[in-house]
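> below are the sequence and a predicted model; questions follow.
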Amino acid sequence: MAQTIDVIRDRIASVCASGPFHFVEAVTPLDFDLNPSQQIDQVFRITSEAGAIIGGFNYSEERTDLVSIWLARKHRADAPAAYRQLITDASSIRAAVIRDGIQNGGDYCVPQDGSGYQVEQLDGREFLVLRLTIPVNFEATV
């Protein structure tokens, strides 16, 4: 069944917002600036970039777009522990997204190549940020 990237992003957001994670979606997908500092822990946002396109038939095409899941965690004066937790989060979220694509209708899949993560601390912020990038392959509606 053909999809659009916004449907795939909504599916991934529901994975992040439900068990076992129960993360809270950020006010805006572009940054964490509008979220109150005292409520920034375990807040996520999702961005996407257009990727490779393979032609299709009947107003469809096969796409592999990049979806980035950004997750903020307060470090509470223990940045090494928050860093380790974000590394675990990266692995757990990726596995949950893979399962969602396969088990819930097979609407998308995560290719083996192209996933990666980065953890950083923005200047002057009391939280660390994970950026988990996952390629998603799906049949798209043109």
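Looks like it came in fine. Numbers count the residues shown, from 1 in each chain.
> what residues does the lengthiest helix in the chain touch?
In the chain, with assignment by DSSP state H, the single longest helix is helix 79-103. If you take Cβ atoms under 8 Å, 6 or more residues apart in numbering as the criterion, helix 79-103 is touched by 11-12, 15-16, 20-21, 69, 71, 73-76, 107-110, 115, 117, 119, 121, 127-128, 130, 132, 134, 136. Using the backbone N, CA and C atoms, a C-beta is placed for each residue, glycine as well.
> next SSE after it?
Next in sequence after helix 79-103, counting helices and strands by DSSP states H and E, comes strand 108-109.
> quick one, strands of the chain?
Using DSSP state E, the strands of the chain run over residues 24-25, 43-54, 60-74, 108-109, 116-121, 127-141.
> burial measure for the nearest residue to residue 3 once chain neighbours are set aside, as a count.
Leaving aside its sequence neighbours, residue 3 sits nearest to residue 138 (Cβ to Cβ, 6 or more residues apart in numbering; 4.8 Å). Neighbour count of residue 138, defined by other Cβ atoms under 10 Å: 22.
> list the buried residues of the longest helix of the chain.
Across helix 79-103, burial judged by 16 or more other Cβ atoms under 10 Å covers 82-83, 85-86, 89-90, 93-94, 96-98, 100-101.
> run through this protein and note the low-pLDDT ranges.
Scanning the chain with the threshold set as pLDDT under 70 gives 1-2.
> taking the centroid of this structure, which residue is nearest it?
residue 69 (2.4 Å; Cα atoms, centre = their mean).
> dig out what it forms beta bridges with.
For residue 69, the beta-bridge partners are residue 46, residue 132 (DSSP bridges).
> and for the residue lying closest to residue 45 once chain neighbours are set aside, the neighbour number?
Leaving aside its chain neighbours, residue 45 sits nearest to residue 26 (3.9 Å; criterion: Cβ to Cβ, 6+ apart). If you count neighbours by other Cβ under 10 Å, residue 26 ends up with 20.
> quick one: residues contacting residue 26.
32, 34-35, 43-45, 70, 72.
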